[in-house]
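Engineer: Need coordinates for the following:
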Amino acid sequence: QLQLVESGGGLVQPGGSLRLSCSAFGFALDIHSIGWFRQAPGKEREGVSCIAKSGGTTEYADSVKGRFTISRDNAKKTVYLQMNSLKPEDTGVYYCAASQLCVLDYHGMDVWGKGTLVSVSS
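Structural biologist: The predicted structure is shown next:
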């Protein structure tokens, strides 16, 4: 069974940091690009970052550039999203998804995780 499992979410104060993990089960992670997406209450899901299969190409949404860093460890079948200088508007459920291309468009992903909640509040 193909699965992606996110972890690392939680409650953090503005300016704080979190590291999210996305682990793959049942398939080889290194043949997929991985994207991180988020959805705030009442809003459409949006792309946050993605990383290509080899890790050589990354993309970031303008709203997180300079604050978030995506990386991958194919041997551990895990992709990470380091989030620094968090803001209240970063609050939402964060999902990872696998696809053939590194894109920030959430349509057409092959496999989705169930998400992890990130809350940024004082």
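
Engineer: Can you show me the helices along this structure?
Structural biologist: Taking DSSP state H as the criterion, the chain contains no helices.

Engineer: center of it - which residue?
Structural biologist: Central residue of the chain (Cα atoms, centre = their mean): Trp36, 2.6 Å from the mean position.

Engineer: Quick check: bridge partners of that one?
Structural biologist: On the basis of DSSP bridges, Trp36 is bridged to Ser49, Cys96.

Engineer: how close does it sit to Tyr94?
Structural biologist: 6 Å (Cβ to Cβ, to the nearest Å). Quick note: C-beta positions are derived from backbone N, CA and C, even for glycine.

Engineer: Overlap in contacts, the two.
Structural biologist: Residues touching both Trp36 and Tyr94 by Cβ atoms under 8 Å, 6 or more residues apart in numbering: 20, 48, 81.

Engineer: want to try JSON lines for these, with pLDDT, distance to Gly66 and neighbour count as columns?
Structural biologist: Listed next are the shared contacts of Trp36 and Tyr94 as JSON lines, based on pLDDT from 0 to 100; distance: Cβ to Cβ, whole Å; neighbours: other Cβ atoms under 10 Å:
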{"residue": "Leu20", "pLDDT": "98", "distance to Gly66": "17", "neighbour count": "24"}
{"residue": "Val48", "pLDDT": "98", "distance to Gly66": "13", "neighbour count": "25"}
{"residue": "Leu81", "pLDDT": "98", "distance to Gly66": "14", "neighbour count": "25"}
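
Engineer: As CSV, the residues you listed with distance to His32 would be great.
Structural biologist: Output for those, formatted as CSV (distance: Cβ to Cβ, whole Å):
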residue, distance to His32
Leu20, 17
Val48, 17
Leu81, 16
